[in-house]
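Peer 1: structure of the sequence below:
(chains A and B)
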Protein chains: 2
Amino acid sequence: MSNCIVAQSGGPSSVINATVAGIVMANQLNPLYEHVYGGLNGIEGILQERFVDLTRLTDHELQVLCQTPASALGSCRYKLRRDNVEDMEEIFNIMEKYDIETMFYTGGNDSMDTVAALSEYAASHNIENRRFVGCPKTIDNDLMITDHAPGFASSAKFIATTALQCWQDLSVYPPSRREVFILETMGRDAGWLAASACLSGIVDVLIVPEVSFDEDKVMDRIRECIEENAKCFVVISEGAHYADGTYIAAGEARNDLFGHAVLGGAGKALEQMILDNDVCPRCKVQDLSTAQRCHASEASLVDVTESYRLGMSAHMRSADPKFTGMMVGVRRRTDVDDYDVEYFAVEADKVANYVRNFPTEWLEKNYRGITLEAVDYMKPLIQGTPDLIIKDGMPEQTVPFYMRGAEIEKK
Amino acid sequence: MSNCIVAQSGGPSSVINATVAGIVMANQLNPLYEHVYGGLNGIEGILQERFVDLTRLTDHELQVLCQTPASALGSCRYKLRRDNVEDMEEIFNIMEKYDIETMFYTGGNDSMDTVAALSEYAASHNIENRRFVGCPKTIDNDLMITDHAPGFASSAKFIATTALQCWQDLSVYPPSRREVFILETMGRDAGWLAASACLSGIVDVLIVPEVSFDEDKVMDRIRECIEENAKCFVVISEGAHYADGTYIAAGEARNDLFGHAVLGGAGKALEQMILDNDVCPRCKVQDLSTAQRCHASEASLVDVTESYRLGMSAHMRSADPKFTGMMVGVRRRTDVDDYDVEYFAVEADKVANYVRNFPTEWLEKNYRGITLEAVDYMKPLIQGTPDLIIKDGMPEQTVPFYMRGAEIEKK
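Peer 2: Predicted coordinates:
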């Protein structure tokens, strides 16, 4: 019997470990593979043959894994290039050496491109017994075809809950105190995360990358709020930009290893404009930063459940020896009134390297937030909170696998 | 039958509304007062006779109040000065007009000073039927005499949970990627909040106001962590300062209405030092900012319960016509092994205007965190999470009272 491997890539999320747990559990229910290996640090660790054995994790260990944020197997930013023949060959050599038939790879656009590239390589070299399956994951929710991506809903829930509670904080002082609160979220190209703050019902001004930032109009809108209510709650994506494409946080932009701009500081830039334009004498900025993608202790139960089931679905579908180059996804059911999804598979190259923006028709005019249709789309995703396994008052956590010295012996 | 009033002051917390709920519930159980009024925006609103009637809030309304952060009655930064005879007289006039015998005032040092000032004024003017009772509240945990202050534990829990989860996020990339994560907490003069992050067990470096910031030593300590583990998790109080008293965030300091420095930016200042000193090429800063004091959705159940009971205790003790100028507090029981507290009363002037620092003997040398004794003190406080009343996937919230147009008619 051959083996499979699962590895994680890209930025962390609150629920991506649940996909790994789902794969392990599915293999315990129906052992298609002798071993479920975990590859440490994505493709990077696979190339270094850094593997752990996940096959017989206990139910308790799997439950704890599901409530542990980030990537317990470690992640990487290493991009496998189609033209890097050496890397490509090496991966197939390693898979042969460890008798690995199927590689499950979790991640966003770049990871789906890795899945597509490897399966194309196998096809063009007539390699039939090495298969590659993608599991979607990105808090940015910018993946095509799948209704939404695991990780988004938990971040959305944390952002909306934090917005609501920060609004309570903003509201305590008398109307004589005029104040703008600026909540900055992640979202370089897509406004899904910033838009999710509107689920709180208290957002006055929403600034997303899908609509150019017009300083005069934004200042007018904030001024209007201050005149009406003395307070104004603004939510801004890190990727907010002017019509010419310049980020409003441009002063701080630098590039990451994939050539994407690393942003942050849009909130501070907006604060400076508000003060410079005399719109309001007092501003507070909360940049949700890392916390918004790892707050698993208040994850969405829908999100954790779907992420787990996507892992199971990927494993179960891989019983078909032709199943390769595919990503599993979720589709919203239209035949029932309640929110429910069905799981399906799609070619990974249809997903890779595209960005799904927040629909502009779901945005109210003049930075006033989102439409009811957008609320109806997002609200079912943030329902429920998992029961946590608590240890000494803290959520019990999976120690990252690379810290355990439990790597299997290299062959 | 006379009436009582409750008002809130100072910075918001996650559990201060529970004290108000406790007072209202105690009066429903034993109606010492005909009406429980809520004064809007603390002393400021009392001077403007802006009152609401809380007497008959329903059980559901009280439960929602307990899970609503900040101050549902509104807060103020108005400081009642002993030498402002006009204000002092006006308060007694208003209390007479509305037949208010007892004023419950929640807050920190400044609020306890208000309680002391008003009761001294009554005593020196032989006014017997106007009484003033303080209920402690401050996330900073810097109040004397009470074992701890409501609000601290919930902030501590959020900080520790966020630290743990951000550490998971920091840990996903391979050891080849060296990185420092800096978590900035509130705490201008006292390091309780920063220290609470150590409950997560993952903090490498802790910088609090109680120990002067020695740049060379801190850089050495961080360098040591990076050399050992490639990663370093630092927690810093906003009030971190050099031996001469200069805040390390001094560039951004300005004063609030009480003359206290408003800080923020210690994390960013530290990041700059790390980069300038070539200690590590990569830093990330998470400033917990407002979220740390209003994250009621993950409050500590111990904290909410004690805050509620402190309100009940204050109300019940006020049956004694001599009970004035007092603050209620909690004392840790020493006659049982399990964590438990007893409630007691102390003169408000013994609490007012003092600051209780984090004990330096609870700090490990060389910025290495806290001792086991400190852990033993804090750990019982963060236990349990309240069951939330959820509405559409969000915690149901009390709409701030001043927004309801429900003020009682002025007399």
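Peer 1: going forward, measure contacts between C-alpha atoms and count neighbours the same way
Peer 2: Will do.
Peer 1: which outside residues touch stretch A:354-367?
Peer 2: Residues from elsewhere that reach stretch A:354-367, judged by C-alpha atoms under 8 Å, 6 or more residues apart in numbering or on different chains: A:109, A:141-144, A:189-192, A:205-207, A:210-211, A:217-218, A:221, A:369-374.
Peer 1: please disregard the earlier target; I meant stretch A:269-276.
Peer 2: Under C-alpha under 8 Å, 6+ apart, the answer for stretch A:269-276 is A:182, A:219, A:248-249, A:280-285.
Peer 1: which residues of the stretch 201-350 of chain A lie near chain B?
Peer 2: Within the stretch 201-350 of chain A, the residues that sit near chain B (C-alpha under 8 Å from any C-alpha of the partner chain) are A:286-291, A:294-298.
Peer 1: in strands, which of these fall?
Peer 2: A:286-287 (DSSP state E).
Peer 1: got CSV for the residues of the stretch 201-350 of chain A next to chain B, with neighbour count and pLDDT too?
Peer 2: Below are these laid out as CSV (neighbours: other C-alpha atoms under 10 Å in any protein chain shown; pLDDT from 0 to 100):
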residue, neighbour count, pLDDT
A:Gln286, 22, 97
A:Asp287, 29, 96
A:Leu288, 20, 97
A:Ser289, 19, 95
A:Thr290, 23, 96
A:Ala291, 23, 97
A:Cys294, 30, 97
A:His295, 27, 97
A:Ala296, 29, 97
A:Ser297, 25, 97
A:Glu298, 21, 96
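Peer 1: and the contacts of stretch A:269-276, which is the shakiest by pLDDT?
Peer 2: Ranked by pLDDT, the contacts of stretch A:269-276 bottom out at A:Ala249 (88).
Peer 1: just give me the neighbour total for the closest residue to A:Tyr339 other than its chain neighbours.
Peer 2: Nearest residue to A:Tyr339, sequence neighbours excluded (C-alpha to C-alpha, 6 or more residues apart in numbering or on different chains): A:Pro380, at 6.4 Å. Close neighbours of A:Pro380, defined as other C-alpha atoms under 10 Å in any protein chain shown, add up to 18.
Peer 1: go ahead and confirm A:Met1 touches A:Pro31.
Peer 2: No: judged on C-alpha atoms under 8 Å, A:Met1 makes no contact with A:Pro31 at a distance of 9.4 Å.
Peer 1: how near is the residue of chain A most remote from its centre to B:Gly405?
Peer 2: Relative to the centre of chain A, the most outlying C-alpha is that of A:Ser176, 40.6 Å out, by C-alpha atoms, centre = their mean. Going from A:Ser176 to B:Gly405 by C-alpha to C-alpha, to the nearest Å gives 17 Å.
Peer 1: for A:Ala153, same thing?
Peer 2: Distance, A:Ala153 to B:Gly405, by C-alpha to C-alpha: 36 Å.
Peer 1: so those two - more neighbours on which side?
Peer 2: For A:Ala153 versus B:Gly405, neighbours defined as other C-alpha under 10 Å are more numerous around A:Ala153 (32 against 8).
Peer 1: pretty sure the more buried one sits in a helix.
Peer 2: Yes: applying DSSP: H, G, I helix; E, B strand; the rest coil, one finds A:Ala153 inside a helix.
Peer 1: so for it, what's the pLDDT?
Peer 2: Looking at A:Ala153, the pLDDT reads 98.
Peer 1: in stretch A:360-374, which residues are buried?
Peer 2: Using 16 or more other C-alpha atoms under 10 Å in any protein chain shown as the test for burial, stretch A:360-374 gives A:363, A:367-370, A:374.
Peer 1: err, stretch A:160-171, not the other one
Peer 2: In stretch A:160-171, counting by 16+ other C-alpha under 10 Å, buried: A:160-171.
Peer 1: and which of the residues of the stretch 201-350 of chain A next to chain B is nearest A:Thr114?
Peer 2: Nearest to A:Thr114, judged by C-alpha to C-alpha, of these is A:Cys294 at 24.3 Å.
Peer 1: who touches that closest one in this structure?
Peer 2: A:12-14, A:69-70, A:155, B:165-166, B:168-169.
Peer 1: what's the lowest-pLDDT member of those?
Peer 2: Of all those, A:Pro12 has the smallest pLDDT value, namely 91.
Peer 1: that one contacts A:Gln292, correct?
Peer 2: No: if you go by C-alpha under 8 Å, A:Pro12 and A:Gln292 don't touch, sitting 10.3 Å apart.
Peer 1: the domain parsing of chain A - what is it?
Peer 2: A:3-150+A:296-355+A:383-403, A:153-293 (automatic domain parsing).
Peer 1: can you redo those domains as CSV with distance to B:His315?
Peer 2: As requested, these are arranged in CSV below (distance: least, C-alpha to C-alpha, whole Å):
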stretch, distance to B:His315
domain A:3-150+A:296-355+A:383-403, 31
domain A:153-293, 24
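Peer 1: among the contacts of stretch A:269-276, the buried ones, what's the PyMOL command?
Peer 2: To isolate the buried ones among the contacts of stretch A:269-276 in PyMOL, judged by 16+ other C-alpha under 10 Å, type:
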select buried, chain A and resi 182+219+248+249+280+283+284+285
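Peer 1: let me have the contacts of stretch A:269-276 in CSV, extended by distance to A:Glu49 and secondary structure.
Peer 2: Listed next are those as CSV, based on distance: C-alpha to C-alpha, whole Å; DSSP: H, G, I helix; E, B strand; the rest coil:
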residue, distance to A:Glu49, secondary structure
A:Ile182, 46, strand
A:Met219, 55, helix
A:Ile248, 43, coil
A:Ala249, 40, coil
A:Cys280, 57, coil
A:Pro281, 57, coil
A:Arg282, 55, coil
A:Cys283, 51, strand
A:Lys284, 48, strand
A:Val285, 44, strand
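Peer 1: between the contacts of stretch A:269-276, which sits nearest A:Glu86?
Peer 2: A:Ala249 (39.0 Å).
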